[in-house]
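Asks: Could you look at this predicted model? Sequence included:
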Amino acid sequence: METMFAMSYSFGTKLFECLDKSPYPNDLSSDILNYWKEGYRLQHMSTGCLFVCALVTLELMRLYNCVIMTTKLQRIIEDGED
């Protein structure tokens, strides 16, 4: 449980860091905060860019081929957070 909380917190933090560094408007934060709500529709197409930024920053995705690194996923599964 602690691992999932830490990952969620880190991911959310990176999303907002990416938003601060991006040329996108701050109203993307509503998409970030409501993304996991059932039935929510993204309001901005550029929200996906923030998710990619966060994944790359956390080394969960390689930008050049957009594949989630298996070593990170393997570590998560081995820790019992599958």
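Replies: Cool, the structure landed. Worth saying up front: this structure is predicted, and the values here are computed from it rather than measured.

Asks: alpha carbons only for contacts and neighbour counts from here, please
Replies: Noted.

Asks: so what's Y35 closest to, chain neighbours aside?
Replies: Once flanking residues are discounted, Y35 sits nearest to L42: 7.1 Å by CA to CA, 6 or more residues apart in numbering.

Asks: right, and the one you found touches S29 too?
Replies: No. Using CA atoms under 8 Å, L42 makes no contact with S29, being 10.7 Å away.

Asks: Quick check: buried residues in the strand or helix carrying G48?
Replies: For G48, the element it lies in under DSSP states H and E is helix 47-57. Across helix 47-57, burial judged by 16 or more other CA atoms under 10 Å covers T47, L50, F51, V52, C53, A54, L55, V56, T57.

Asks: any chance of these in TSV, with distance to K37 too?
Replies: What follows is the buried residues of helix 47-57, written out as TSV (distance: CA to CA, whole Å):
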residue	distance to K37
T47	15
L50	18
F51	16
V52	19
C53	21
A54	19
L55	20
V56	24
T57	24
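
Asks: if we can go back for a sec, quick check: mean pLDDT of the helix holding G48?
Replies: Here helix 47-57 scores 85 as its mean pLDDT.

Asks: Who are the packing partners of it?
Replies: Using 3 or more CA pairs under 8 Å, 6 or more residues apart in numbering; DSSP states H and E, the elements in contact with helix 47-57 are helix 2-21.

Asks: residues near L60, how many?
Replies: Residues near L60, counting by other CA atoms under 10 Å, number 18.

Asks: remind me which residues of this structure are low pLDDT?
Replies: Residue ranges of the chain with pLDDT under 70: 62-82.

Asks: repeat that with 50
Replies: The chain contains residues with pLDDT under 50 at 66-69, 82.

Asks: What separation is there between E2 and F16?
Replies: Separation of E2 from F16 (CA to CA, to the nearest Å) stands at 21 Å.

Asks: Who has more neighbours out of the two?
Replies: Set side by side, E2 and F16 show more neighbours around F16, with 18 against 8, by other CA under 10 Å.

Asks: Quick one: residues contacting that one.
Replies: Contact partners of F16, counting by CA atoms under 8 Å, 6 or more residues apart in numbering, are S29.
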